[in-house]
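**Q** I'd like to go over a predicted model; first the sequence, then the structure.
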Amino acid sequence: MQVPAPFEYERATSVQHALELLRARGPDARLLAGGHSLLPMMKLRLAAPEFLIDIDPLAGELGYIREQDGELRVGAMTRHRALLESDAVARHATIITDAERVIADPVVRNRGTIGGALCQADPAEDLSAVCAALEATVVVRGADGDRVLTMPEFHRGPYETAVGDAEMLIEVRIPLHPVAGSAYEKVERRVGDWAVAAAGAAVRLHAGVITRAGIALTAVGAGVTSGAAEQALAGQPPSEATFAAAAELAARDCSPTTDQRGSVEYKRHLARELTLRALRTATARALRGDA
Amino acid sequence: MSTVQPSPTVGYGSMRRKEDPRFVRGQGRYIDDLKLPGMLHGAVLRSPLAHARIISIDTAAAAAHPKVKAVITGADLAGLGLAWMPTMSQDTQAVLATDKVRFQGQEVAFVVAEDRYSARDALELIDVEYEELPVVIDARKALDADAPIIRDDKEGQTSNHIFDWEAGDSEETDRVFAAADVVVARDIIYPRCHPAPLETCGAVAQMDPVMGKLTLWTTTQAPHAHRTVYALVAGLPEHKIRIIPGDIGGGFGNKVPVYPGYVCAIVGSILTGKPVKWMEDRSENLLSTGFARDYIMHGEIAATSDGTITGLRVTTTADHGAFNATAQPTKYPAGFFHIFSGSYDLQAAHCKVTGVYTNKAPGGVAYRCSFRVTEAVYLVERMVDALALELKLDPAQLRLKNFIRPEQFPYQCKTGWTYDSGEYERAMRLAMEIAGYDDLRREQAEKRARGELMGIGIAFFTETVGAGPRKDMDILGLAMNDGADLRVHPTGKAVLGISAMSQGQGHETTFAQIVSEELGIPSADIEVVNGDTDRTPYGLGTYGSRSTPVSGAATALVARKVRERARLIAAGMLEASPDDLEWERGRWFVKGDPEQGSTIQEIAMAAHGAGDLPEGVEGMLEDTCVYNPPNLTFPFGAYICVVDIDPGTAKVVVRRFVAVDDCGVRINPMIVEGQIHGGLAEGVGIALMELIAFDEQGNCLGGSFMDYLIPTALEVPEWELGATVTPSPHHPIGAKGVGESPTVGSPPAIVNAIIDALHDSHGVDHIDMPCTPGRVWDAMQGRAEPPQ
Ligand SMILES: Cc1cc2nc3c(=O)[nH]c(=O)nc-3n(C[C@H](O)[C@H](O)[C@H](O)COP(=O)(O)OP(=O)(O)OC[C@H]3O[C@@H](n4cnc5c(N)ncnc54)[C@H](O)[C@@H]3O)c2cc1C
């Protein structure tokens, strides 16, 4: 059995309480949400926080999925499983349902949270790309109140976000659009494995034209979004040729590395192939009014 | 699929496993469940480097930790003469490193503390200064002139060479090759993988200072052999050592060797006077305990142009890691690899295997395999498919054409084995029928026309299991024989002690069924004891599919001895001559007068009861037996796999898998099928995802289940099983052993299917495992790389 280094532990009773503890204990304190990223690192002693603030008691307060002000609002403590099973998510942001189906396994999904996933910012983590493709914003709370950040502002790179030492992520906001569709495509070596590569697309249509497409890739060293691909789609009618051109740009715009999951060439190929597939499905869903 | 009777009372047949009530209720007792009063906890400090000289080890801070009871280093062990221990291959292995570390994860120090957290914390307080040395990771470079010498501890060792070993007639083989119409060659790697049992390895050692007795609860597939090893290594008197394995959560060969952690736990208990538990974690298991395979093979197959296979030859570089700790019979450093001519009637065959040291973990255990049979079967079944491609012949037809025919058994193969029995064509045809082989080929042709990638792969294997005859086979000088002792109590209930050691195979059920079949006592009335060396007869344990072939034979024979004794006692009871008695299951009766008889239960009571017994008959109803097999047994099977490959992502899906196994007589068909299900799943894992990889510095890249992938229910299809029964002529009950067949036979079927899917469209004629999407895609682009 792998065992972590010694640490102190306290359960937060409210968001306010969690923020106070963070402030009081400084950078040696860490929030513990579902624990499925943090605890494995602690057991391997890759992480050794001195103080854990368990925010599991906030699962009620911060565990929600609701439509409000033209947005889908998801509390930071919403579990993967709740996202997977949500009808509202399946209707308005099918890309999340797609992704949740292939994130980890039921045991992890029962506990892991969207807040933990986004804040962990693992380079192979799926929901960051999903949120980026959807043009989601995130609400970060600190002593001075709330900040609303776009994904490019929030997600700074592998294992790095804009959340400060004494701040926490509260909510994810996904804008809703009348004619939109989205999809996520992932290749993994085995069910429950992290992505070899994955691609998300969110497409908005108006009068037969793509008004805006969000494209984001996972695990291939791409930017938060694939800007060139997005630009190539905006204002174009959906077609195989447009998709192929955008997929090519997305593949060019990333810098994967060779590892046990695959070679640079393979991952780049997947970036293209999966972007193409995601665009096809997302557009078909938009055309079906499927959202 | 066999149907399970709710409670078959007597003899063979599918019945629920007697051990399962405790497992499904969470009542199994594994090593880590054991808590003894005052028990301390050990943890191993491991080398972060693959090859380095140890300059100094400073343990002062660790020893000063308030909860630490002992810190042990290699120097401390050297003082006790325990720094090195013998391996199962008559090499030596460092218990704790003294001079150098030779692989990443090697044991350097051992801390004993009040709890496992403190033990682990204290490891971080040990300061080891290393001087890094160049490494040898690629076995193909191990014998290069400039390769650093790993085993400079060994007198006279001037290279990384361990052994050269040959089988077959090389000149005759060359002659056959020279005369052949076609010769096809392939470089084939069976990459390093790991048995990865769910329960990792561990031990609780308790040295009783008053009685001088060591009790070791430990994860071992061979408790008696381990006891002897400890007696020899530690100089402890063997009767003062008791090994108790408890339940074992999977072994697959991983729990055959003696690991340094076990020895450290023993030393820890001797030094502290307290019981010491050492339980490795998942990463330690993957990094440091017995890996499997790692054979780099160059195969050549010779044939006539009409597809008659005439010869096979192979040269192999065997990567044994830093210590040669392979567990296999002494005379066979490459195990039973010389079964590589497979199921075919060849004119000649020859193999040469060269074993080398590398800076990788030691092992080469027979992962669900009888000593390298897996590598052998993989080689021949890949080569036969390569020949089919070359000659544009259907791979099923090519196999059918070349099989050893039933009338040729017992078959003397060209590399020294005598195959006991086989009806290969029958098994092959049954597999083709279950698969709907011709329909599958039609479907494939239609799909190819549409650009879809579907492949059909075949493997036909012959194994050699049940080691073995004592004239040829020993481990560390110990004959590979097994004992059984059977005691029938006065009320007709029985206890059987065996030297096989179940790791989940269901011995408590099948071995009771063997006794039940022979004596007619309901299997529910028979308790099977295995493991505890104070309660079971001597024998070499469970691996190499040897339980049923060896211990099962001992069990049948001891039951027959008891039956014969029962005959004498019954003769007295019935006032008849023993020769006038006839046996029907469960009862001796007077020939021609079936009313006149005694049941085995009545006889048992009489055997223990007052009153006279016939002249020369001892009281009670019990006996013992040791079985020395006259030959090995040769299970076989025909496997057909259907895969679909996504042309855009190269992801392989195993859509169907047909497995026809012939393991001789089936004692409990349900358990046989369960063994096959599990082994096939492991084969899917090996073929598609499992790899212990290393980077150029010798860092292990497979040290967790995030990196070393094992398959789940979602990667495997619904198995389609079939059976033929060709009894072993020399085995008392005609059984051959089955535990390993599916793991041996499935990887080549899957790889052959993948190549079959990709050959026409992408020109792929070889790919090495594991066939991850990325590696398959690289092969489709014409640049397949061997695994690293
Ligand atoms: C076997 C396995 C497989 C997995 N496979 C995948 C996969 O395929 N794809 C995938 O995307 N993920 C995968 N994951 C990760 C999983 O989704 C995690 O649950 C998730 O990444 C982290 O969520 P958590 O709630 O468990 O976070 P925790 O582990 O509790 O926390 C993670 C980090 O985020 C911080 N944090 C948590 N909540 C907040 C907050 N509200 N505000 C600020 N900081 C916060 C913590 O301090 C910590 O640093 C896998 C995990 C496992 C164990």
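**A** That came through fine.

**Q** beta partners for the nearest residue to B:Leu271 once chain neighbours are set aside?
**A** Excluding its sequence neighbours, the residue lying closest to B:Leu271 (CB to CB, 6 or more residues apart in numbering or on different chains) is B:Ala70, at 5.1 Å. Just so you know, the C-beta spots here come from the backbone N, C-alpha and C atoms, and that holds for glycine as well. Listed by DSSP bridges, the beta-bridge partners for B:Ala70 are B:Val112.

**Q** tell me who's in contact with B:Ala70.
**A** B:110-112, B:268, B:271-272 (CB atoms under 8 Å, 6 or more residues apart in numbering or on different chains).

**Q** then A:Pro4?
**A** A:39, A:42-43, A:45, A:48.

**Q** am I right that it sits in a helix?
**A** No - looking at A:Pro4 with DSSP: H, G, I helix; E, B strand; the rest coil, it is coil, so not inside a helix.

**Q** quick one: it from A:Asp87, how far?
**A** As judged by CB to CB, to the nearest Å, A:Pro4 and A:Asp87 stand 38 Å apart.

**Q** just want the residue of the stretch 651-788 of chain B that's nearest chain A.
**A** B:Gly774 (2.8 Å; CB to the nearest CB).

**Q** beta partners of the residue lying closest to that residue once chain neighbours are set aside?
**A** In space, and not counting its chain neighbours, B:Gly774 is closest to A:Gly262: 2.8 Å by CB to CB, 6+ apart. For A:Gly262, the beta-bridge partners are A:Asp259 (DSSP bridges).

**Q** does A:Gly262 really touch A:Val196, like I thought?
**A** Yes - contact between A:Gly262 and A:Val196 holds when scored by CB atoms under 8 Å: they sit 5.1 Å apart.

**Q** quick check: neighbours shared by these two?
**A** A:270, B:773-774.

**Q** quick one: the helices in chain A, in order.
**A** A:15-25, A:38-43, A:80-85, A:87-92, A:94-101, A:106-111, A:114-120, A:127-133, A:151-154, A:227-233, A:240-252, A:264-287 (DSSP state H).

**Q** closest one to chain B among these?
**A** helix A:264-287 (4.5 Å).

**Q** which strands and helices sit next to that closest one?
**A** helix A:94-101, strand A:180-188, strand A:195-206, strand A:209-218, helix A:240-252, helix B:773-780 (3 or more CB pairs under 8 Å, 6 or more residues apart in numbering or on different chains; DSSP states H and E).

**Q** could these go into TSV alongside mean neighbour count and mean pLDDT?
**A** As requested, the helices and strands packed on helix A:264-287 are exported to TSV (neighbours: other CB atoms under 10 Å in any protein chain shown; pLDDT from 0 to 100):
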stretch	mean neighbour count	mean pLDDT
helix A:94-101	24	98
strand A:180-188	27	97
strand A:195-206	28	97
strand A:209-218	25	97
helix A:240-252	19	98
helix B:773-780	24	97
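
**Q** want to throw these into CSV with distance to the ligand?
**A** Converted to CSV, the helices and strands packed on helix A:264-287 look like this (distance: least, CB to the nearest ligand atom, whole Å):
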stretch, distance to the ligand
helix A:94-101, 8
strand A:180-188, 7
strand A:195-206, 6
strand A:209-218, 8
helix A:240-252, 19
helix B:773-780, 15
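
**Q** turn the ones you listed into a markdown table, columns for distance to B:Asp127.
**A** What follows is the helices and strands packed on helix A:264-287, written out as a markdown table (distance: least, CB to CB, whole Å):
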| stretch | distance to B:Asp127 |
| --- | --- |
| helix A:94-101 | 46 |
| strand A:180-188 | 41 |
| strand A:195-206 | 39 |
| strand A:209-218 | 41 |
| helix A:240-252 | 48 |
| helix B:773-780 | 40 |
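
**Q** which of the residues in stretch B:259-274 are buried?
**A** In terms of neighbour count (16 or more other CB atoms under 10 Å in any protein chain shown), stretch B:259-274 has its buried residues at B:259-272, B:274.

**Q** equivalent analysis for stretch B:720-737, please.
**A** B:721-724, B:726-728, B:730-737.

**Q** which bits of chain A sit near chain B?
**A** A:1-3, A:5-6, A:44-45, A:105, A:187, A:189-194, A:196, A:260-263, A:265-267, A:269-270, A:273-274, A:277 (CB under 8 Å from any CB of the partner chain).

**Q** which of the residues you listed count as buried?
**A** Looks like those have A:2-3, A:44, A:187, A:189-190, A:192-194, A:196, A:260-263, A:266-267, A:269-270, A:273-274, A:277 buried, using 16+ other CB under 10 Å.

**Q** next one: the residue nearest to B:Pro490 when sequence neighbours are not counted from B:Glu518, what distance?
**A** Of all residues not flanking B:Pro490 in the chain, B:His608 sits nearest, at 4.0 Å (CB to CB, 6+ apart). According to CB to CB, B:His608 and B:Glu518 sit 20 Å apart.

**Q** again with B:Val356
**A** 48 Å.

**Q** now do the contacts for residue 214.
**A** Using chain A here. A:Gly214 neighbours (CB under 8 Å, 6+ apart): A:132-135, A:182, A:200-203, A:225, A:230.

**Q** my question was about chain B
**A** Counting by CB under 8 Å, 6+ apart, the residues that B:Leu214 touches are B:205-208, B:230, B:236, B:240-242, B:266, B:269.

**Q** name the element it belongs to?
**A** B:Leu214 belongs to strand B:213-218 when assigned by DSSP states H and E.

**Q** ok, the most far-flung residue of chain B relative to its centre to B:Ala61 distance?
**A** The C-alpha centroid of chain B is most remote from B:Glu575, which lies 50.7 Å away (CA atoms, centre = their mean). According to CB to CB, B:Glu575 and B:Ala61 sit 83 Å apart.

**Q** same question, B:Leu688
**A** Applying CB to CB to B:Leu688 and B:Ala61 gives a distance of 46 Å.

**Q** where does the chain have low pLDDT?
**A** No chain specified, so I'll use chain A. A:290-291 (pLDDT under 70).

**Q** ah, no, chain B please
**A** B:1-8.

**Q** where does the closest residue to the ligand within it land in three-state SS?
**A** Distances between chain B and the ligand by CB to the nearest ligand atom are smallest at B:Met706, namely 6.5 Å. Using three-state DSSP, the three-state assignment for B:Met706 comes out as coil.

**Q** please work out how many residues are found near it.
**A** 12 (other CB atoms under 10 Å in any protein chain shown).

**Q** which residue, other than its chain neighbours, is closest to it?
**A** That would be A:Trp194: by CB to CB, 6+ apart, it lies 7.4 Å from B:Met706.

**Q** can you give me the distance of that neighbour to B:Val184?
**A** From A:Trp194 to B:Val184 the distance is 39 Å (CB to CB).

**Q** I figured B:Tyr12 hits B:Ile671, correct?
**A** No - judged on CB under 8 Å, B:Tyr12 makes no contact with B:Ile671 at a distance of 10.8 Å.
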